[in-house]
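[1] Would you be able to build a 3D model of this:
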Amino acid sequence: MMKILVVAATELEIEPFIKLENTIEVFICGVGIPATVYHLTKILVQEKYDFVIQAGIAGSFSKKIKKGDVVAISQDAFADIGVEEDRKFKTIFQSGLGNKNEFPFTNGLLINTSEILQSTLFKKVKAITINKISDRKKQIKQLRKIFGADIESMEGAAFHYVCLQQNIPFVQIRSISNKVGERDKTKWKIKDAIENLNYELIKLVASIDK
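    Residues are numbered from 1 along each chain as shown. Predicted coordinates for the structure are as follows:
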């Protein structure tokens, strides 16, 4: 039987899973990149796991991904680490401040090559991770142009980064609660997103933990 760790930014996102599943270890890392990197690295150094799952909600750029859809992330990227000059943003790799192919990066991306990811039936999407959620149309347009991303979160790339560095198989799944840039929260579907996320998370863990 595999030793699985499930992580999330907030307890709210996986509360149904926590209430139902008491045999799988769960860790709440906190919101954002710093909290995810620190707490996830700490626990992975202290304990040995066979597989790690990150579950959470996210915003979607794509019209093809609807609110409530649950997707798996094939690649993620730190989308706001870089330089902004003349109102144009460049990543650290585009600016020559980093090597885009220095491990764990591949062409500036944090790519998941896990066999379990490939075998899941989730729609595979590209993601970006940012420190500050914004509704600025220009920023959204720039991010889409640079990264071609389908969704965004505040922790995903940090999760990929740590798991790749620690050489631990992993998968990140996200349920869509809103469209990126849509700040009218009456249009968000957080309840539906969480319900669908946990339904799929329970199924995913059961399929792995045989």
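[2] Give me the most central residue, this structure.
    G156 (2.7 Å; C-alpha atoms, centre = their mean).
[3] how about that one, what does it touch?
    For G156, the contacting residues are Q54, G56, A58, I73, D76, A127, I128, T129, Q172, R174, by C-beta atoms under 8 Å, 6 or more residues apart in numbering. Where you see a C-beta, it was placed from the backbone N, CA and C, and this is true even at glycine.
[4] my guess is the last one meets I53, correct?
    Translated: R174. No - contact criterion C-beta atoms under 8 Å: R174 and I53 do not qualify, at 11.4 Å.
[5] Between these two, which is the more surrounded one?
    R174 (30 against 25; other C-beta atoms under 10 Å).
[6] List the contacts of that one.
    55-58, 70-73, 127, 151, 153, 156, 197.
[7] one more time with 10 Å
    13, 54-60, 65, 69-73, 122, 125, 127, 150-153, 155-156, 193, 197 (C-beta atoms under 10 Å, 6 or more residues apart in numbering).
[8] what's the single longest helix in the protein?
    Ranked by number of residues, the top helix in the chain under DSSP state H is helix 190-208.
[9] helices or strands up against that one?
    With contacts defined as 3 or more C-beta pairs under 10 Å, 6 or more residues apart in numbering; DSSP states H and E, helix 190-208 has these neighbours: strand 4-8, helix 15-20, strand 51-60, strand 70-76, helix 115-119, strand 170-179.
[10] quick check: angle from it to strand 70-76?
    80 degrees (axes from the mean of the first three to the mean of the last three C-alpha atoms, to 10 degrees).
[11] still on that earlier bit, could the contacts of G156 be laid out in TSV, adding pLDDT and distance to I24?
    Putting the contacts of G156 into TSV (pLDDT from 0 to 100; distance: C-beta to C-beta, whole Å) gives the following:
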residue	pLDDT	distance to I24
Q54	98	13
G56	97	16
A58	95	22
I73	97	20
D76	97	23
A127	96	24
I128	96	28
T129	96	24
Q172	98	16
R174	98	19
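[12] Quick one: find the helix or strand in the protein with the lowest mean pLDDT.
    helix 137-147 (a mean of 81; mean pLDDT, DSSP states H and E).
[13] Pull out the CA atoms of that one and give them to me as CSV.
    Below are the C-alpha coordinates for helix 137-147, written out as CSV (Å, rounded to 0.1, in the frame of the first residue of the first chain):
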residue,chain,number,x,y,z
LYS,A,137,-6.9,43.1,-18.2
LYS,A,138,-3.4,44.0,-19.4
GLN,A,139,-1.7,41.7,-16.9
ILE,A,140,-4.1,38.9,-17.8
LYS,A,141,-3.3,39.3,-21.5
GLN,A,142,0.4,39.4,-20.9
LEU,A,143,0.3,36.2,-18.8
ARG,A,144,-1.7,34.3,-21.4
LYS,A,145,0.6,35.5,-24.1
ILE,A,146,3.8,34.5,-22.3
PHE,A,147,2.7,31.2,-20.8
